[in-house]
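**Q** sequence unavailable; structure follows:
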């Protein structure tokens, strides 16, 4: 999950926001859900992604990969911080939490939905409720909350 891909797609989409405002996106693994600084807004969305265990090499897919976005617009400068949540391998004991590999298509959909939320939350536009669905993966096993960082922190849609 390369930050340049996220920031490049975001910059193209952010160009459709208010002229004169400048927006930037950064990936931040330290974002805490529902812990916002004054003036910041939050958007939480799930997507589909793949994972690979760095301990045993096992791969798995999940359609419950949570991404938390914190956004703020002040004096024409907009900042978005994004945190995709990790999962760990159910086969390994003490497996490390692994970062998701999110396809370009799903990054694009996530950021398209994010831009709509920015328009609603930062520019107070009335767009209604429209969330474009992400591309799902064929998942053979149920979601396992004990291996999901977002479940452990209480923000996963499975809870």
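**A** Structure received. In this text the structure is predicted, and so the values were computed from the model without any measurement.
**Q** average pLDDT for the longest helix anywhere in the chain, rounded please.
**A** Across the chain, the longest stretch assigned as helix under DSSP state H is helix 104-121. In this model, helix 104-121 has a mean pLDDT of 94.
**Q** who touches the helix or strand following that helix?
**A** Later in the chain than helix 104-121, the nearest helix or strand by DSSP states H and E is helix 149-152. Helix 149-152 is touched from outside by 64-66, 85-88, 97, 143, 145-146, 156, 158-159, with contacts defined as Cβ atoms under 8 Å, 6 or more residues apart in numbering. C-beta: built from backbone N, CA, C; applies to glycine.
**Q** before we move on, the earlier item: what does the longest helix of the chain contact?
**A** Taking Cβ under 8 Å, 6+ apart as the rule, helix 104-121 contacts 5-6, 9-10, 13-14, 16-17, 23, 25, 41, 43, 45, 47-49, 67, 69, 71, 73, 78, 80, 102, 125-127, 130-135.
**Q** list buried residues within the residues you listed.
**A** 6, 9-10, 13-14, 17, 23, 25, 41, 43, 45, 47-49, 67, 69, 71, 73, 78, 80, 102, 134 (16 or more other Cβ atoms under 10 Å).
**Q** from those, which land in strands?
**A** 23, 25, 41, 43, 45, 47-49, 67, 69, 71, 73, 78, 80 (DSSP state E).
**Q** element containing residue 57, please.
**A** Applying DSSP H and E, one finds residue 57 in no helix or strand.
**Q** quick one, what contacts the most centrally placed residue in the chain?
**A** Nearest to the mean C-alpha position of the chain, counting by Cα atoms, centre = their mean, stands residue 67 at 2.4 Å. Contacts for residue 67 were tallied using Cβ under 8 Å, 6+ apart; they are 44, 45, 46, 47, 82, 83, 84, 85, 110.
**Q** repeat that with 10 Å
**A** 27, 31, 43-47, 49, 82-85, 100, 102, 106-107, 110-111, 113-114, 150 (Cβ atoms under 10 Å, 6 or more residues apart in numbering).
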